[in-house]
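S.K.: Build me a model:
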Amino acid sequence: MSDMDRRSAFALGLAAAAFAVPQSAGAQTRTEGREVGPGVRQVDLGERESVLPAYKRLRMRDIVIQPGAATPDNMMMNDMLCHMTEGELAVRQNDNHFTVRKGDVWACAKGNTTEGTKNNGSTVAVMRIIDLLPG
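M.R.: Numbering: from 1, shown residues only. Okay, the predicted model is just below:
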């Protein structure tokens, strides 16, 4: 009987682990957030006060960009850090053009950075942004 108990516990553990593992394909079906442009959604993830002296608040959000969609060139209204959590984007930052892939990070500076992106790939791209908001 103790062998059956161990097997049952093992099977139950495997079933629980299957539900706990995040699925990367989830980004492709995300419909939460709000549409900010054709094929582009913003999903607000959280905001709180900052302990960094230069910033009053921190905000985190995902920009979900469908294949073929783009974000227009925008002047950055605050300092921010960006991280590609899924896919790949072509980035135009001022006069620089570069490609970011899953795992890449980059930064934008308030007032002197203009940036736009385009998803030239065949999968959804997710750009996570941490906004550093002044007082």
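
S.K.: What are the contacting residues of stretch 82-100?
M.R.: Contacts of stretch 82-100 with the rest of the structure, by C-beta atoms under 8 Å, 6 or more residues apart in numbering, involve 24, 27, 62, 65, 73, 101-108, 112-121, 123-130. For glycine as for every other residue, the C-beta is placed from the backbone atoms N, C-alpha and C.

S.K.: can you pull the buried residues of that stretch?
M.R.: Buried residues in stretch 82-100, defined by neighbour count with 16 or more other C-beta atoms under 10 Å: 82-84, 86-93, 100.

S.K.: what about it, start to end distance?
M.R.: Taking C-alpha to C-alpha, to the nearest Å, the first and last residues of stretch 82-100 lie 10 Å apart.

S.K.: what's the spacing between Gly87 and Gly121?
M.R.: Gly87 sits at a distance of 6 Å from Gly121 (criterion: C-beta to C-beta, to the nearest Å).

S.K.: Over to Val100?
M.R.: As judged by C-beta to C-beta, Val100 and Gly121 stand 11 Å apart.

S.K.: try Pro53
M.R.: Taking C-beta to C-beta as the criterion, Pro53 is separated from Gly121 by 39 Å.

S.K.: Pick out whichever of those two has more residues nearby.
M.R.: Gly121 (16 against 7; other C-beta atoms under 10 Å).

S.K.: List the residues that contact the more buried one.
M.R.: Contacts for Gly121 were tallied using C-beta under 8 Å, 6+ apart; they are 67, 87-88.

S.K.: what's the offset of the helix or strand harbouring Gln42 from the middle of its chain?
M.R.: Assigned by DSSP states H and E, Gln42 falls within strand 40-49. Offset of strand 40-49 from its chain centre (C-alpha atoms, centre = their mean, to the nearest Å): 10 Å.

S.K.: before we move on, what about stretch 77-92?
M.R.: Between the centre of stretch 77-92 and the centre of its chain there are 8 Å (C-alpha atoms, centre = their mean).

S.K.: got the phi/psi numbers for Gly39?
M.R.: Backbone geometry at Gly39, expressed as degrees, to the nearest 10, gives phi 80, psi 10.

S.K.: now it: how far from Leu133?
M.R.: Distance of Gly39 to Leu133, computed by C-beta to C-beta: 27 Å.
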